[in-house]
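**Student:** Got a sequence here, can you model it:
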Amino acid sequence: NTSLLSTSNVVFPTLPAFTVKVQIRPTPDLGDNQYGVFALEDIPPNTNFWEWTDLVHSIHYTELEEYIQTTFHSHDDNNDDENRQEAIRTFLRRGFVLPHPHDEYYNSNPTDAGCFMNHSTTPNCGPPHGTLRWIHAGEELTMDYSANGNPSWYVNLCHKYGILTNVEIAQRQLILGDNKYVPAEYCVEQNDNCNGNNC
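**Tutor:** As a prediction, this is how the structure comes out:
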């Protein structure tokens, strides 16, 4: 099990659970209502920029569907159901699965600014040491989603709610290049003309 740090024992200079000064900003090049994490100061290489705290809620995959149904209530109104589906998609997009052998848990961190870190095929953050190079003030902190876990239960759940997994987004980005927006929406036929639900 991953040991958790109590948030009361960790000091965050700006936003939890970042140990460096960051800001959440819109990233319009990634689509509407998309955000990223940006450095407010220069950060040297090999800096531990984020801490795993009790803000991360780990849910075993056998309990995840029940958690979703309990957390995101459904009502009869069609508009309310659309809002519910979008809330579930946001919940799944803003969490992560660790690689095997820790891939039996979905990790949700909605109150941790780490949920806004975006994927890049040329990331500046990642294992084993945190920051991979100098990151300058104003630069976005990015990571490589392809290192995440992608077990079948997670793939099936994401597809059920109409989105790609983090690893699928990373794989598609590798084909299209960092300068092309990859929609998180899942469609049966992923091809170069894919545009979310309109494939």
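**Student:** In the protein, where's the longest helix?
**Tutor:** The single longest helix within the chain, with elements called by DSSP state H, is helix 78-93.
**Student:** How far off centre is it?
**Tutor:** What separates the centre of helix 78-93 from the centre of its chain is 16 Å, taken as CA atoms, centre = their mean, to the nearest Å.
**Student:** Determine the set of other helices and strands touching it.
**Tutor:** Using 3 or more CB pairs under 8 Å, 6 or more residues apart in numbering; DSSP states H and E, the elements in contact with helix 78-93 are helix 61-71. For every residue, glycine as well, the C-beta is placed using N, CA and C.
**Student:** mean confidence score for the helix it packs on?
**Tutor:** Average pLDDT, helix 61-71: 96.
**Student:** Run through the protein and note the low-pLDDT ranges.
**Tutor:** In the prediction, the chain carries residues with pLDDT under 70 at positions 1-10, 74-79, 178-199.
**Student:** if you set the cut-off to 50 instead, what comes out?
**Tutor:** For the chain, applying pLDDT under 50 flags the ranges 1-8, 188-189, 191-199.
**Student:** what about the helices in it?
**Tutor:** Using DSSP H, helices in the chain cover 61-71, 78-93, 152-160, 166-176.
**Student:** Would you reformat these as JSON lines and include distance to T47?
**Tutor:** Listed next are these as JSON lines, based on distance: least, CB to CB, whole Å:
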{"stretch": "helix 61-71", "distance to T47": "32"}
{"stretch": "helix 78-93", "distance to T47": "26"}
{"stretch": "helix 152-160", "distance to T47": "30"}
{"stretch": "helix 166-176", "distance to T47": "23"}
